[in-house]
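A.B. asks: Okay, here's the prediction I keep looking at, along with the sequence it came from:
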Amino acid sequence: MKLATWNVNSLKVRLPQALEWLAAHQPDIVCLQETKLEDKVFPRQELEAAGYQAAFSGQKTYNGVAILSRLPLTDVSAGIPDFADEQRRLIAASAGGMRIVCAYFPNGQSVGSDKYAYKLRWLDALIAWLGEELARHPRLALLGDYNIAPEARDVHDPQAWEGQVLCSEPERAAFRRLLELGLKDAFRLFAQPDKIYSWWDYRMMAFRRNTGLRIDHILLSEPLAGACVACAVDKAARKAERPSDHAPVIAELG
DNA sequence: ATGGCTTGAGTGTCAAGA
């Protein structure tokens, strides 16, 4: 069983790459972020032809999330309950005896900005709801673009990023609160090479210089973490022609 | 050096990303 997450930065632009990637990697469940598509134009048929059911919640221009699955998707729910939000950032569904939560965490722009305040409110709401969701669904995976680099080793230049958005202490504390719910960072269940990241700025030749951040994550509840046998970033996808600025992350459950 | 790309909107050039 392979679970993956990928911020595609426009599913319209990336659809051909996404279809190729699905064919090459054969994941069972894939969470997509920044689809930037209204639901009425979501490429459901192309994905079904590739063997994937889709649950999606999108909007024009910004945000947008989707879950693709080779197994039947049931009990789809969009958004964080009791958190009113115009921004389409979260979708959850059940598949293969698991609860899959796909999230595009707010970026936060800069520490102290209105968008940063919104990010912290959104994180509070997510954590409160996820506690309840875990009680209902012990086999749960939270996959997505967290827009949080959890530790210094997840940052190419920790000193330059210290206290900056994506690395600030309140954001990292929120990440730890997710772990305190009983979730495990699948990537850190295994020995990993140094300097593995999931996002690189389009500018400044950041990918070539590997000046990146690890901000895309797969968190697994205890029963799923116990079954996890591998987790890796698929850096190859970032080398494509017209790539997303994010690479996919894949976890394999035995 | 606060830009550097990329996308979407929309047809000017700007907002937003991270």
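C.D. replies: Yep, that arrived. All figures in this text were calculated on a predicted structure; none of them were measured in a lab.
A.B. asks: So which residues on the stretch 51-200 of chain A come close to DNA strand B?
C.D. replies: A:60-62, A:106-107, A:109-110, A:115, A:145, A:147, A:165-166, A:199 (C-beta under 7 Å from any atom of the strand). Quick note: C-beta positions are derived from backbone N, CA and C, even for glycine.
A.B. asks: hey, where'd the strands end up in the stretch 101-250 of chain A?
C.D. replies: A:140-145, A:184-185, A:199-200, A:212-213, A:216-220, A:228-233, A:249-253 (DSSP state E, counting those that start in this stretch).
A.B. asks: For the last one, name the packing helices and strands.
C.D. replies: Packed against strand A:249-253 by the contact rule (3 or more C-beta pairs under 8 Å, 6 or more residues apart in numbering; DSSP states H and E) you find strand A:2-7, strand A:216-220, strand A:228-233.
A.B. asks: Can you give me the neighbour number for the nearest residue to A:Q164 once chain neighbours are set aside?
C.D. replies: Distance criterion C-beta to C-beta, 6 or more residues apart in numbering; nearest residue to A:Q164, sequence neighbours excluded, is A:V111 at 6.8 Å. By other C-beta atoms under 10 Å, the residues close to A:V111 number 17.
A.B. asks: Could you do A:L68 as well?
C.D. replies: Neighbours of A:L68 (other C-beta under 10 Å): 26.
A.B. asks: what about it, is that helix, strand or coil?
C.D. replies: Following DSSP: H, G, I helix; E, B strand; the rest coil, the label given to A:L68 is strand.
A.B. asks: contacting residues for it?
C.D. replies: Listed by C-beta atoms under 8 Å, 6 or more residues apart in numbering, the contact set of A:L68 reads A:22, A:29-32, A:47, A:52-54.
A.B. asks: so what's A:F83 scoring on pLDDT?
C.D. replies: With respect to pLDDT, A:F83 has a value of 97.
A.B. asks: Tell me how many other residues crowd A:I196.
C.D. replies: 17.
A.B. asks: Return the distance of it relative to DNA strand B.
C.D. replies: Computed as C-beta to the nearest atom of the strand, to the nearest Å, the A:I196 to DNA strand B distance reads 15 Å.
A.B. asks: That residue contacts A:V233, doesn't it?
C.D. replies: Yes. Counting by C-beta atoms under 8 Å, A:I196 touches A:V233, with 5.5 Å between them.
A.B. asks: what's the overlap in contacts for these two?
C.D. replies: A:187, A:214.
A.B. asks: What separation do you get for A:F187 and A:A160?
C.D. replies: To A:A160, A:F187 is 22 Å away according to C-beta to C-beta, to the nearest Å.
A.B. asks: circling back to that earlier point, quick one: residues contacting the residue nearest to A:Q164.
C.D. replies: Per C-beta under 8 Å, 6+ apart, neighbours of A:V111: A:163-165, A:168.
A.B. asks: Now the two most distant members of these.
C.D. replies: A:G163 and A:V165 (9.0 Å; C-beta to C-beta).
A.B. asks: higher neighbour count, those two?
C.D. replies: The neighbour comparison of A:G163 against A:V165 (other C-beta under 10 Å) goes to A:V165, with 20 against 8.
A.B. asks: Please verify my assumption that the more buried one contacts A:G112.
C.D. replies: No. Here A:V165 does not reach A:G112: they are 9.2 Å apart, not a contact under C-beta under 8 Å.
A.B. asks: Find the residues that touch each one of these two.
C.D. replies: By C-beta under 8 Å, 6+ apart, no residue touches both A:V165 and A:G112.
A.B. asks: check contacts around A:V249.
C.D. replies: So A:V249 contacts A:4-6, A:143, A:187, A:198, A:216-218, A:231-234 (C-beta under 8 Å, 6+ apart).
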